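K.L.:
task: produce atomic coordinates for the following.
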Amino acid sequence: MEETVPSQSNATSLSMIVTKGTLDWAYPPFILATTAAAMGLEVSMFFTFYGLTLLKKDLNLKISTLGNPAMQMPMMGMHMALPNLVSALPGVDGLATGMMKNLIKKKGVASIEELRAMAIEADVKMIACQMTMDLFEYKLEDMIEGPALGGAASYIEIASKSDINLYI
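P.N.:
So this is what the prediction gives:
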């Protein structure tokens, strides 16, 4: 598949809401944020609900196979889908997580920790949702250094001025 990239863009800023905290959902926001920052855009990420876990110092990300019928893993020379019924069995998420982590390593894909460090290095503004911190009883000591605390109004203020807004 050939990648098409526009030759010119007038966009100068990108904001996104990050709401998912599984291994597979952690990649899109960090890849998009680091790519946009490398292209010169000012990037803001607002981490709320389960996405907030991506800011924790200790990441133990997993795959959730239940309710993900599009998930296909390369196995035995083909792509195999996991029926939803099998997803309900104990240990299947752990097996899928292990397979995904092995695939990431085998293909040389950066880890979430590496992508997160790249985002910080590229001056991506990260905001941890204060309400979610309170709701799930997280402490600042649980989180990496760098993200600011803010609420929905913080995100809306940034988003209302951004050229591109994403919900992930």
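K.L.:
tell me the centre residue of this structure?
P.N.:
Taking C-alpha atoms, centre = their mean as the criterion, A26 is the residue nearest the geometric centre of the chain, at 2.5 Å.
K.L.:
which sections of the chain are below the confidence cut-off?
P.N.:
Within the chain, the stretches with pLDDT under 70 are 1-9, 65-90.
K.L.:
quick one: the strands in it?
P.N.:
For the chain, applying DSSP state E gives strands covering 13-18, 42-47, 72-75, 78-81, 125-129, 148-150, 164-167.
K.L.:
with distance to I156 and mean neighbour count added, can I get the ones you listed in JSON lines?
P.N.:
For glycine as for every other residue, the C-beta is placed from the backbone atoms N, C-alpha and C. As requested, these are exported to JSON lines (distance: least, C-beta to C-beta, whole Å; neighbours: other C-beta atoms under 10 Å):
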{"stretch": "strand 13-18", "distance to I156": "10", "mean neighbour count": "24"}
{"stretch": "strand 42-47", "distance to I156": "9", "mean neighbour count": "25"}
{"stretch": "strand 72-75", "distance to I156": "37", "mean neighbour count": "12"}
{"stretch": "strand 78-81", "distance to I156": "39", "mean neighbour count": "10"}
{"stretch": "strand 125-129", "distance to I156": "11", "mean neighbour count": "23"}
{"stretch": "strand 148-150", "distance to I156": "10", "mean neighbour count": "15"}
{"stretch": "strand 164-167", "distance to I156": "10", "mean neighbour count": "14"}
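K.L.:
figure out which of the ones you listed is closest to G108.
P.N.:
strand 72-75 (15.0 Å; C-beta to C-beta).
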